[in-house]
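> Starting from these lines, generate the structure:
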Amino acid sequence: MTILIAEDDEALRLLLTDFLEGMGHTVNSAGDGMELVKMALSQRPDLVVTDLHMPQMTGNSMIAMLDMYPGLAGIPIIIITGATASELSEMGIPKEIPVLAKPFDFAKIASEVEKISA
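Here you go, the predicted model:
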């Protein structure tokens, strides 16, 4: 499966990349939402893993932008964030998108990725 990661914390981005590649996936990463959208337009991913609070373009704005492109709308997404439940509610994050709170357990990421790839 091809996975794109949007995470502005470089250390976490590298950890996620290594972990998901270790699961056998092809992974590319971006430091912000705008960079990820550009990547997604050139290589449609099977899954996007994203933070919400990033420079240039937030994860929430990135999700909305991906949905504007017919070839990218509906791509499965996993959110990793430090946002509170009330912040998530205010952002209008769809309930079907899995949200993992930082710090998160890599076993939870693995479980969500396996559900999507099944």
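
> outside of the helix or strand hosting Glu114, which residues touch it?
Secondary-structure assignment from DSSP states H and E places Glu114 in helix 106-117. Residues from elsewhere that reach helix 106-117, judged by Cβ atoms under 8 Å, 6 or more residues apart in numbering: 1, 3, 16, 19-20, 23, 25, 46-47, 49, 76, 78, 80, 98, 100. Bear in mind the C-beta positions are built from the backbone N, C-alpha and C, glycine included.

> 6 Å instead?
Met1, Phe19, Leu47, Pro76, Ile78, Pro98, Leu100 (Cβ atoms under 6 Å, 6 or more residues apart in numbering).

> so who does the second one touch?
Going back to what we said before, that points to Phe19. Phe106.

> does the nearest residue to Leu88 once chain neighbours are set aside have beta-bridge partners, and which?
Distances taken as Cβ to Cβ, 6 or more residues apart in numbering put Val99 closest to Leu88, at 6.3 Å, once the chain neighbours are dropped. Here Val99 sits in beta bridges with Ile79, going by DSSP bridges.

> Might one say that Trp46 is in contact with Leu20?
Careful, residue 46 is Asp; it's not Trp. No - applying Cβ atoms under 6 Å as the test, Asp46 and Leu20 come out as separate, 11.4 Å apart.

> In terms of neighbours, single out the busier of these two.
A count of neighbours by other Cβ atoms under 10 Å puts Leu20 above the other of Asp46 and Leu20, at 22 against 15.

> mind listing what the more buried one touches?
Counted by Cβ under 6 Å, 6+ apart, Leu20 has contacts Ile3, Val27.

> related to what we said a few turns ago, among the contacts of helix 106-117, the buried ones, what's the ChimeraX command?
Only the buried entries of these go into this ChimeraX selection, using 16 or more other Cβ atoms under 10 Å:
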select :1,47,76,78,98,100
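
> Good, wrapping up.
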